[in-house]
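A.B. asks: sequence-free structure coming up:
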């Protein structure tokens, strides 16, 4: 059914030396919810637009349902797209907006009526089918735009940052609705966003892009736990992963992470990775997520090997958690701790860096020494 | 009660009163010619020549219009022929300009093709030429094509209206590209997108272009002067300017009074119909 294949796809724009999309090679299985995420200008929207047929493919092939699509016009690709700014026809009513695509595809009138009403019911927009888009709120408009895509019953849904124009509360709500829809319909969805929360919560698989290149493709949790490189590690997760420059040194058959201020023992299960890595061990970036830097008493006892001392610069209560911004030499380490912690700004505290959850990256290339999802 | 008084007081501040009085005065001052025009057309002969002249008419009469309707050039070409010419030419030219400029504007705004920037540049450059500077080449083109003494000579030069194309393109630029893209994905053809989505959304710009074009064509004298040797092909605007020269004596004044109003009325009607939309376009396009 709705599988999508990108075969080494490139997009060059005139006057730009670097391709906007650089060797995009990926297979999307039928029924998958694929999210493309990345900073603005990373080529994710261009990729989606090439899939939609709104941009030409400079090089490479695109297949939908194993059919070659490069030169097929958008209307014949059996896709439906939802745009960031809704793109509802302002002069048509909600019903007409949803029905237009079907009318143009010569669907029988009774069938159109059936499909529109069914979609409207699903999205709870039945009561304003006669209204004009200008009479609707942003959230309602986006639901209509979703409805317009739904009634088409396409093989693939394409969504280009559909939630970016909604306010925070509505965004969360609509996010859930789209996820629910996907669960019901089981149709392939390709979803573009710059918001990592959307990517993490909605996608069955996430593509992280930067400068036109795929950085990593993985399921949300894998992406979070085993980032392939420095960019993915920094991009996914709020607050950001903590990074420290240093080197890996070997003493008496044991490996240590060594920065100018501390030397921390690396757990043995990393050793095979470190030995086989083609990286310069003298220039390493260590990354640890805020939840794996601990300052509670129990942690200080159980992980006594990995204790360091730091000074709290700032305390950021989030309600459910408190983030401590501590300075450790030149580096700032963010510690995620319990909400009611007694630690105040200015305190000197002892923290534990859980080396068993640390990531090591080559400083030069940014590639992870330890990823590939193999370690504990 | 007390609240109402307070509210009123807030609204009637001194600077506000000054402003309203001043603007009213300016408005009345600007209205005077129009009031004069309306009254003048209905004045009997003695009032037309009264000294000092009055603005308001005392004994209104249709006599001026009767005379105008019955008037003719050299007893051969009647007034109604000029009126007919003007009506036909203005209607066709306005319609044609709207068609051409909306289509060109749509393509220039929403399509990608080679040399697009260059074409738009050429259109903008042609905006800069005053009509007088191109009068001679235009004459050569029109006579070379054998269009003299035809309606084509009246209409074709107006058809290539860079201002209309520019206004349309600016206005269509405001319509988000995703709208046409959504329509394309829905399966709409270019013609469908143009007629069902672009045109309904550009109504204000169409109104503006109608006013501009209608005025230009309706008030144009030069075409009749330069390209029309046959009297039967000339327009009302030409007749109006020629009237005072060609018609001897007192009659001319009475005819001029009536034709003045006739020349003005269609413009006024067009403006009243479209003014709100026109202001909208000017705001959108950043052209004032």
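C.D. replies: The structure has been received and is ready for your questions. The shown structure was predicted, so the numbers you read here are calculated from the model rather than taken from an experiment.

A.B. asks: low pLDDT regions in chain A?
C.D. replies: Under the criterion pLDDT under 70, the flagged ranges of chain A are A:371-376.

A.B. asks: Which segments of chain A make up each domain?
C.D. replies: A:4-233, A:241-362 (automatic domain parsing).

A.B. asks: Looking at the ones you listed, spot the one closest to chain B.
C.D. replies: Across these, chain B has its closest neighbour in domain A:4-233 (3.7 Å, CB to the nearest CB). Heads up, the C-betas are built off the backbone N, CA and C, glycines and all.

A.B. asks: what's the nearest residue to residue A:5 once chain neighbours are set aside sitting at in phi/psi?
C.D. replies: Nearest residue to residue A:5, sequence neighbours excluded (CB to CB, 6 or more residues apart in numbering or on different chains): residue A:63, at 4.1 Å. Residue A:63 adopts backbone torsions of phi -120, psi 140, taken as degrees, to the nearest 10.

A.B. asks: beta partners of residue A:63?
C.D. replies: residue A:5, residue A:68 (DSSP bridges).

A.B. asks: Any idea how many residues pack against it?
C.D. replies: Summarising burial for residue A:63: neighbours were counted as other CB atoms under 10 Å in any protein chain shown, giving 15.

A.B. asks: so what's it up against?
C.D. replies: With CB atoms under 8 Å, 6 or more residues apart in numbering or on different chains as the criterion, the residues that contact residue A:63 are A:3, A:4, A:5, A:7, A:69.

A.B. asks: Now those in TSV, please, with extra columns for distance to residue A:152 and neighbour count.
C.D. replies: TSV is the format used below for the contacts of residue A:63 (distance: CB to CB, whole Å; neighbours: other CB atoms under 10 Å in any protein chain shown):
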residue	distance to residue A:152	neighbour count
A:3	18	17
A:4	16	24
A:5	21	19
A:7	26	16
A:69	17	23
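
A.B. asks: biggest separation within the residues you listed, which pair?
C.D. replies: With distances taken as CB to CB, the most widely separated pair in the contacts of residue A:63 is A:3 and A:7, at 12.7 Å.

A.B. asks: quick one: secondary structure of the residue of the stretch 1-150 of chain B found nearest chain A?
C.D. replies: With CB to the nearest CB as the measure, the residue in the stretch 1-150 of chain B that lies nearest chain A is residue B:112; the distance is 9.7 Å. In terms of secondary structure, residue B:112 is coil; the call rests on DSSP: H, G, I helix; E, B strand; the rest coil.

A.B. asks: How many residues are close by it?
C.D. replies: 8.

A.B. asks: residues from the stretch 101-250 of chain A in reach of chain B?
C.D. replies: By the rule CB under 8 Å from any CB of the partner chain, the part of the stretch 101-250 of chain A lying against chain B is A:101, A:104, A:105, A:148, A:152.

A.B. asks: And the closest residue to the second one other than its chain neighbours, its phi and psi?
C.D. replies: Yep, that's residue A:104 we're talking about. The shortest distance from residue A:104 to any residue other than its chain neighbours is 3.8 Å, reached at residue B:187 (CB to CB, 6+ apart). Taking degrees, to the nearest 10, you get phi 100, psi 20 for the backbone angles of residue B:187.

A.B. asks: again, but for residue A:194
C.D. replies: As for residue A:194, its main-chain torsions (degrees, to the nearest 10) stand at phi -110, psi 0.

A.B. asks: what is the rounded mean pLDDT of the host helix or strand of residue B:7?
C.D. replies: Using DSSP states H and E, residue B:7 sits in helix B:2-11. Per-residue pLDDT values across helix B:2-11 average out to 72.

A.B. asks: how much space between residue A:18 and residue A:11?
C.D. replies: 11 Å (CB to CB, to the nearest Å).

A.B. asks: where do the contact lists of these two overlap?
C.D. replies: When contacts are counted by CB under 8 Å, 6+ apart, residue A:18 and residue A:11 are jointly contacted by residue A:212.

A.B. asks: Who has more neighbours out of the two?
C.D. replies: When residue A:18 and residue A:11 are compared on other CB under 10 Å, the one with more neighbours turns out to be residue A:11, at 22 against 10.

A.B. asks: quick one, what contacts the residue lying closest to that one once chain neighbours are set aside?
C.D. replies: Distance criterion CB to CB, 6+ apart; nearest residue to residue A:11, sequence neighbours excluded, is residue A:21 at 3.9 Å. The contact partners of residue A:21, taken as CB under 8 Å, 6+ apart, are A:9, A:10, A:11, A:43, A:46, A:47, A:50, A:212.

A.B. asks: how about those, which pair is most distant?
C.D. replies: The distance between the two most remote of these (CB to CB) is 11.9 Å, for A:50 and A:212.

A.B. asks: Give me the more crowded residue out of these two.
C.D. replies: Of the pair residue A:50 and residue A:212, residue A:50 is the one with more neighbours under other CB under 10 Å, namely 25 against 22.

A.B. asks: Tell me the confidence at the most centrally placed residue in chain B?
C.D. replies: For chain B, the residue whose C-alpha lies nearest the mean C-alpha position (CA atoms, centre = their mean) is residue B:215; its distance is 2.0 Å. According to the prediction, residue B:215 has pLDDT 90.

A.B. asks: what do you get for the one 5 residues further on?
C.D. replies: Model confidence at residue B:220, expressed as pLDDT, equals 90.

A.B. asks: if I look at the nearest residue to it once chain neighbours are set aside, how far off is residue B:264?
C.D. replies: The spatially closest residue to residue B:220, leaving aside those adjacent along the chain, is residue B:237, at 6.1 Å (CB to CB, 6+ apart). Residue B:237 is 11 Å from residue B:264, where distance means CB to CB.

A.B. asks: give the contact list for residue A:38.
C.D. replies: Remark: with contacts taken as CB under 8 Å, 6+ apart, residue A:38 is in contact with A:44, A:194, A:208, A:209, A:210, A:215, A:235.

A.B. asks: Of those residues, which is the most crowded?
C.D. replies: The most crowded member of those is residue A:44, carrying 29 neighbours; neighbours defined as other CB under 10 Å.

A.B. asks: Please name the bridge partners of the spatially closest residue to that one that is not a sequence neighbour.
C.D. replies: Beyond its immediate neighbours in the sequence, the residue positioned closest to residue A:44 (CB to CB, 6+ apart) is residue A:36, lying 4.1 Å away. Beta bridges link residue A:36 to residue A:192, residue A:207 when assigned by DSSP bridges.

A.B. asks: what sits against residue A:36?
C.D. replies: Residue A:36 makes contacts with A:44, A:47, A:48, A:190, A:191, A:192, A:193, A:206, A:207, A:209, as judged by CB under 8 Å, 6+ apart.

A.B. asks: need the residues of the stretch 151-288 of chain B near chain A, please.
C.D. replies: Residues of the stretch 151-288 of chain B lying close to chain A (CB under 8 Å from any CB) are B:176, B:178-179, B:181-188, B:192, B:197, B:200-201.

A.B. asks: quick one: buried residues of the longest helix seen in chain A?
C.D. replies: With DSSP state H setting the assignment, residue counts place helix A:168-185 as the longest helix in chain A. By neighbour count, with 16 or more other CB atoms under 10 Å in any protein chain shown as the criterion, the buried positions of helix A:168-185 are A:170, A:171, A:174, A:175, A:177, A:178, A:179, A:181, A:182.
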